[in-house]
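Chemist: Sequence and predicted model, in that order:
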Amino acid sequence: MSRTARRLGWLLLAALAFATLAPIGLRPISGAPVSLERFAAFAALGLLFALGYPRRHWQVLALVVLAAASLEALQLIDPTRHGRIGDFLVKAVGGGLGVAVGLAVTATLGRWRPKTS
């Protein structure tokens, strides 16, 4: 499961980078509020990385928060995009929640695994 979660996490990060940095006309639109889209996308990212790298809690959290900060900062390069602190906070909180859920899942699964002698 962790190998698949890692691959999906890196693919999602690439997709988020594209959606965040591409011209605004290429941004996918779900119809949900934009803040909810951001929150959910980074929650999924945090969850996938936490499941993919279960022994690297702090590194995963740092990666997700750094990705959110970097993507918001890189938007300042393109005059048609805008990086905002509020958007970063939504992404960082979503990512943090995803990491926390991932850690809870791996801890729970670890307790259910049969002990081998």
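Modeler: Received, thanks. What you see is a predicted model, and the numbers here were worked out from it, not measured in a lab.
Chemist: give me every residue that touches the residue positioned nearest the centre of the chain.
Modeler: The centre of the chain sits closest to Leu45, judged by CA atoms, centre = their mean, with a distance of 2.6 Å. Counting by CB atoms under 8 Å, 6 or more residues apart in numbering, Leu45 makes contact with Gly9, Leu12, Leu13, Leu16, Val64, Ala67, Gly95, Gly98. All C-beta atoms are positioned from the backbone trio N, CA, C, and that covers glycine.
Chemist: Phi, psi for the first one please.
Modeler: As for Gly9, its main-chain torsions (degrees, to the nearest 10) stand at phi -60, psi -50.
Chemist: is it true that it touches Arg56?
Modeler: No. Gly9 is beyond contact range of Arg56, at 11.9 Å (criterion: CB atoms under 8 Å).
Chemist: more crowded one of these two?
Modeler: Neighbour comparison, Gly9 and Arg56: the larger count goes to Gly9, with 25 against 13 (by other CB atoms under 10 Å).
Chemist: check contacts around the more buried one.
Modeler: Contacts of Gly9 by CB under 8 Å, 6+ apart are Leu45, Leu48, Phe49, Leu51, Gly52.
Chemist: Quick check: the closest residue to Gly102 other than its chain neighbours vs Ala92, distance?
Modeler: Distances taken as CB to CB, 6 or more residues apart in numbering put Ala50 closest to Gly102, at 2.4 Å, once the chain neighbours are dropped. Using CB to CB, to the nearest Å, we find Ala50 at a distance of 15 Å from Ala92.
Chemist: now Ala104
Modeler: 19 Å.
Chemist: Neighbour count for these two, which is higher?
Modeler: Ala92 (22 against 11).
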